[in-house]
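S.K.: please find the sequence and the predicted model below.
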Amino acid sequence: MSLMDYFKAEALLRRYGIRSVRSAYAESAHDAVRFANGKRIVLKAISRSALHKSKSGLVMADLDGEREIRLAYDALAKRAARYRPFRILAQRMAGEGGIEIIVGGKTDSQFGKLVLLGLGGVYVEAFRDFSVRVCPVGRAEAESMVMELRSRAVVAPNRRAVVMIANLIVRVSRLYSDNKISELDLNPVILHNGTYDAVDLRVIT
Amino acid sequence: MRQRYMNLERLVNPRSIAVIGASQNPEKVGHVILKNNIDSGFDGRIYPVNINASGAIMGLKAYRSVLDIKRPVDLAIIAVPAAAVPGVMRECGRAGVKGAIVVSGGFAEVGETGLQDELTAIALRYSMPVIGPNCLGITDPRTRLDTLFLPSFKIDKPSVGGVSFASQSGAVGSSVLDMINSESFGLSRFISYGNAAVVDEVDILNFLCKDRETRVVVFYIEGVKRGREFIEVAKRATIRKPVIILKGGMSEAGSEAAHSHTASLAGSTQAYEAVFRQFGFTEAKDLKDLFNFSKIFETQPLARGDRIAIITNGGGTGVLATDALYENGLELAKLSENTKRVLRKAMPPIVNVRLPLDMAGDADDKRFAAALDAIGNDKNVDAIMAIALFQTPGADSRVAATLIHYGTSMSKPMVVVSMGGSYTKTHKSMIESGGVPVYESPGDAAESLAALIRYSRYRYAKTHKV
C-alpha cells in the first residue's frame, strides 16, 4: 500500500469536480504564516504511519496570527517526530461549525469497489452511521445512501443538501472506479453554507 | 475454462436418472435415494447402478456401470464413497450423461481439496453441470425427482407451489423443507448444492430467475464464490421475481487490514448488505423472516405504496398493529370520504368509521366483507392488514372464507393476523391454503408488508425509467 501525495490527490479530485479546501505544504513556520496571509488556518502533520491524525495529536486548528502559528508549527513538528517521515500541511479554515461527513471507497475481496457515505470527522467510529454501495453508483442510488443515514435530518436537512451530497457521491464513485486506487477517504468533508469542502484526503494506491 | 452460466435445464428436469451406488441394503444412502424416487413416482426412467450389481435392485434392472445402460441418461445421482467419485464421473462423462448430483461427502468440507479439484476438472472437461459434492441435491414435487437421502416418512411432503428454495447447507435446507408444509406455502424446486464445486449460486440464481415454475426465489447462502457475476445475475433476477436471501455468518468480524476509515467501517458483512439492498434482494435476518416473507411474496400482488388499512374485530390489536406499521416505516392509510360513507351505512352505529377500523367483537363475515369491499376499492389504501380474532362470537369459517375471497381477488396485497389456540390454527391453515398469508402477530405482518413494499418500490423504479 502506498499513500498518494496530498497534492496529487487534490489534483485528482479536482479533475472529477470535487471541491477541497485551499492547502499548501509549509516547510517552515514562516511558510505557514505567509500562507495564512492574515486568515485563520489549520496545521496538520501528514505521515503514512498515522491514520488518525486528530487522535494522534497531529492537527492544530483555528490558528490566528503570526505568533500563534509559529508556536503551533514548532509544537506540531516536535509531536510528529515519532511518525517520521512527515510533512506539515497548512489549510485555510473551512466552514466552521458545519456538519462533517465521510465519503470513501474500499475494495471488497468478493464484490470489488464499494463507496461509503457516513457521519464523519470524530464521529465516524463513535456512531458508525454509514451506508455502502457497490460501484458504480448513480444519482438515485446515491440519494438512497443519504436517506439511509440515521443522522440524515442533520446531515441533509433539505432537498438541496440531499442532491449536493448525492452528486458528490456520484463523483467519488466515478473517480474511484476509473483509477487504480485501493482505498479512499475524504474525511471529513465539511458541509457549510449550502456547499462543501473536503478538508482531508487519503488516497491509497 | 468454465462457462459463465451452467445450463441446468436437463439436470433439474431430467427424463431419465441413474442412481449410482443404488443398493438393496436399506442402510445405504443409494438405497434411500432409489426408493424415494420409486415411491414418489418419478415420471421418467430410473436406472440403478452398482459396481457389484447382478440382476435387479428393487425390481429394476441394475447395471454395473453407467456405460452399460446404452440409453440416454439426463441425470446421474452419485452416492458412492468419495474416493470412487472421480472414476464414476469420468464414466458419466463418457456415457454422455447431461448432469450429475454428487451426494457423497468427503471433499473440501473435510480438507480434501485435491479430490474436489479433480471432480471440478472432470465436470469441466465433459461440460457436465454437477451439483455438490456434499449435498442433498434436488427434490421437486412437480417432476417428483427426489435425490434427498432423507427417509421420506421423516419429512413432511410439501405441496406444489411457486417458491423455489436453494441452500448451500443441507441441514438448513432439510429443516426448511420439513417446515414448508406447516407454513402452508407451496414448493417449486428445492436445490441443496453443498460445496458448489461446479454449479454455484450464480448458476442456480440464473436458472431460477428464468424458470417458469418459480415465482419466488429463496436462498440460504454462507458466501458467494463469484461476486461480480452474482451481481450481474441478481440484477436480471430481481426485476423478474422476488429473491429472498438469508446469509449465514453475518456477525463475522472483518479480517482484512484497513488503511482507511472507510475500510475499517465497510467489512464483508456490510458489502453483502450493500449488494442485497442495491440489487433488489429481500434480506431475511432469520428463518422466521424467510417463511414470513415467502408466503406474502408467493400469493400477494406488488403494492403501489405504503399506506396500510387495518381492520379488526378487536380494538386493542388494532392499536398494536398501528404501532407495528410505524415501527416498520409504513403508514396508516386515511379513508376517502366515499369509503367512509359506504362504511357508515354498512356498519352498526357503535363502529367508529376510521382506521384502524374496529368492527367490534360481534363482527361476522358480512361485516368483514362490507369493510374489505369498500376499502379494497379505496384509492387511498395500498395494502390491507385484516385482524381476525377467532375467539370472538362472530368469527367462524365464514369469516375465513370471506378473507380468502378478498385476499385472492383484490389488486392490492392483503395479509391476515390471527393469534390463538387450536380453533384459530384450523382457520389459519384454511386461510393460508386458500392463498392468503396469515401471521401470528401484527409485528410479523407489518414486517412482511414492509418487505413486499420495499421490493415493489425497487421493481417499479427499475422498470419505469424516471
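M.R.: Sure, I can see it.

S.K.: distance from the chain centre to the helix or strand of chain A with the lowest mean pLDDT, please.
M.R.: Every helix and strand of chain A was ranked by mean pLDDT, DSSP states H and E. The lowest is helix A:124-127, at a mean of 86. Counting by C-alpha atoms, centre = their mean, to the nearest Å, helix A:124-127 is centred 16 Å from the centre of its parent chain.

S.K.: just checking, what packs against that helix?
M.R.: helix B:261-265 (3 or more C-beta pairs under 8 Å, 6 or more residues apart in numbering or on different chains; DSSP states H and E). Using the backbone N, CA and C atoms, a C-beta is placed for each residue, glycine as well.

S.K.: what about the helix it packs on, average pLDDT?
M.R.: The average pLDDT within helix B:261-265 is 85.

S.K.: leaving out the residues flanking it, which one is nearest to residue 179?
M.R.: I went with chain A, as the question did not name one. Of all residues not flanking A:Asn179 in the chain, A:Leu12 sits nearest, at 7.0 Å (C-beta to C-beta, 6 or more residues apart in numbering or on different chains).

S.K.: wait, I meant chain B there
M.R.: The shortest distance from B:Met179 to any non-neighbouring residue, by C-beta to C-beta, 6+ apart, is to B:Phe291 (6.9 Å).

S.K.: tell me how far that neighbour lies from B:Ile191.
M.R.: 18 Å (C-beta to C-beta, to the nearest Å).

S.K.: what residues does chain A put near chain B?
M.R.: When proximity is defined by C-beta under 8 Å from any C-beta of the partner chain, chain A lies next to chain B at A:1, A:3, A:51, A:102, A:104-106, A:108-112, A:114, A:116, A:118, A:124-125, A:128, A:130-134, A:140-141, A:182-185, A:187, A:202, A:204.

S.K.: let me know the secondary structure of B:Thr214.
M.R.: Judged by DSSP: H, G, I helix; E, B strand; the rest coil, the three-state class of B:Thr214 is coil.

S.K.: can you count the residues close to the residue nearest to it when sequence neighbours are not counted?
M.R.: In space, B:Thr214 comes closest to B:Ser164 once its chain neighbours are excluded; the distance is 4.1 Å by C-beta to C-beta, 6+ apart. Using other C-beta atoms under 10 Å in any protein chain shown, B:Ser164 has 26 other residues around it.

S.K.: just the element for B:Ser164, please.
M.R.: In this structure, B:Ser164 sits in strand B:160-167 according to DSSP states H and E.

S.K.: determine the set of other helices and strands touching that strand.
M.R.: helix B:170-180, strand B:187-192, helix B:201-210, strand B:216-221, helix B:287-299.

S.K.: mind putting these into JSON lines with mean neighbour count?
M.R.: Shown next, in JSON lines, are these (neighbours: other C-beta atoms under 10 Å in any protein chain shown):
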{"stretch": "helix B:170-180", "mean neighbour count": "19"}
{"stretch": "strand B:187-192", "mean neighbour count": "26"}
{"stretch": "helix B:201-210", "mean neighbour count": "24"}
{"stretch": "strand B:216-221", "mean neighbour count": "26"}
{"stretch": "helix B:287-299", "mean neighbour count": "22"}
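
S.K.: could you dump the ones you listed into TSV with mean pLDDT and distance to B:Val32 added?
M.R.: Formatted as TSV, those follow (pLDDT from 0 to 100; distance: least, C-beta to C-beta, whole Å):
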stretch	mean pLDDT	distance to B:Val32
helix B:170-180	85	13
strand B:187-192	94	15
helix B:201-210	96	24
strand B:216-221	95	23
helix B:287-299	95	25
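
S.K.: may I see those organised as JSON lines, with distance to B:Ser127 added?
M.R.: Shown next, in JSON lines, are these (distance: least, C-beta to C-beta, whole Å):
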{"stretch": "helix B:170-180", "distance to B:Ser127": "26"}
{"stretch": "strand B:187-192", "distance to B:Ser127": "20"}
{"stretch": "helix B:201-210", "distance to B:Ser127": "13"}
{"stretch": "strand B:216-221", "distance to B:Ser127": "25"}
{"stretch": "helix B:287-299", "distance to B:Ser127": "34"}
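
S.K.: longest helix of chain A, counting residues only.
M.R.: helix A:159-178 (DSSP state H).

S.K.: repeat for chain B
M.R.: Max-length helix for chain B by DSSP H is helix B:442-463.

S.K.: render the CA-only coordinates of that one in PDB, please.
M.R.: This file holds the C-alpha atoms of helix B:442-463, laid out as PDB (Å, rounded to 0.1, in the frame of the first residue of the first chain):
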ATOM      1  CA  PRO B 442     -49.100  -7.700  13.900                       C
ATOM      2  CA  GLY B 443     -45.300  -7.200  14.100                       C
ATOM      3  CA  ASP B 444     -44.700 -10.100  11.700                       C
ATOM      4  CA  ALA B 445     -47.500  -9.000   9.400                       C
ATOM      5  CA  ALA B 446     -46.100  -5.400   9.300                       C
ATOM      6  CA  GLU B 447     -42.600  -6.600   8.700                       C
ATOM      7  CA  SER B 448     -43.700  -8.800   5.800                       C
ATOM      8  CA  LEU B 449     -45.800  -6.000   4.300                       C
ATOM      9  CA  ALA B 450     -42.800  -3.700   4.600                       C
ATOM     10  CA  ALA B 451     -40.600  -6.300   2.800                       C
ATOM     11  CA  LEU B 452     -43.200  -6.600   0.000                       C
ATOM     12  CA  ILE B 453     -43.500  -2.800  -0.300                       C
ATOM     13  CA  ARG B 454     -39.700  -2.300  -0.400                       C
ATOM     14  CA  TYR B 455     -39.400  -4.800  -3.200                       C
ATOM     15  CA  SER B 456     -42.400  -3.300  -5.000                       C
ATOM     16  CA  ARG B 457     -40.700   0.100  -5.000                       C
ATOM     17  CA  TYR B 458     -37.400  -1.400  -6.300                       C
ATOM     18  CA  ARG B 459     -39.300  -3.200  -9.100                       C
ATOM     19  CA  TYR B 460     -41.200  -0.100 -10.000                       C
ATOM     20  CA  ALA B 461     -38.000   2.100 -10.000                       C
ATOM     21  CA  LYS B 462     -36.100  -0.400 -12.200                       C
ATOM     22  CA  THR B 463     -38.900  -1.000 -14.700                       C
END
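
S.K.: give me the sheet partners of the helix or strand following the least confident helix or strand of chain A and which way each runs.
M.R.: Next helix or strand after helix A:124-127 toward the C-terminus (DSSP H and E): strand A:130-134. The pairing partners recorded for strand A:130-134 under DSSP bridges are strand A:112-119 (antiparallel).

S.K.: orientation of the partner strand relative to helix A:159-178 in degrees?
M.R.: 150 degrees (axes from the mean of the first three to the mean of the last three C-alpha atoms, to 10 degrees).

S.K.: now strand A:112-119: buried residues?
M.R.: A:Lys113, A:Leu114, A:Val115, A:Leu116, A:Leu117, A:Gly118, A:Leu119 (16 or more other C-beta atoms under 10 Å in any protein chain shown).

S.K.: got a list of what whichever residue of the stretch 201-350 of chain B sits closest to chain A touches?
M.R.: The stretch 201-350 of chain B approaches chain A most closely through B:Thr262 (2.8 Å), counting by C-beta to the nearest C-beta. Applying C-beta atoms under 8 Å, 6 or more residues apart in numbering or on different chains to B:Thr262 gives the contacts A:Ile102, A:Gly104, A:Gly105, A:Lys106, A:Leu116, A:Glu183, A:Leu184, A:Asp185, A:Asn187.

S.K.: need these in TSV with distance to A:Ser177, secondary structure and pLDDT, can you?
M.R.: Putting those into TSV (distance: C-beta to C-beta, whole Å; DSSP: H, G, I helix; E, B strand; the rest coil; pLDDT from 0 to 100) gives the following:
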residue	distance to A:Ser177	secondary structure	pLDDT
A:Ile102	19	strand	96
A:Gly104	14	strand	96
A:Gly105	9	strand	96
A:Lys106	13	strand	94
A:Leu116	14	strand	97
A:Glu183	14	strand	93
A:Leu184	11	strand	94
A:Asp185	17	strand	93
A:Asn187	19	strand	91
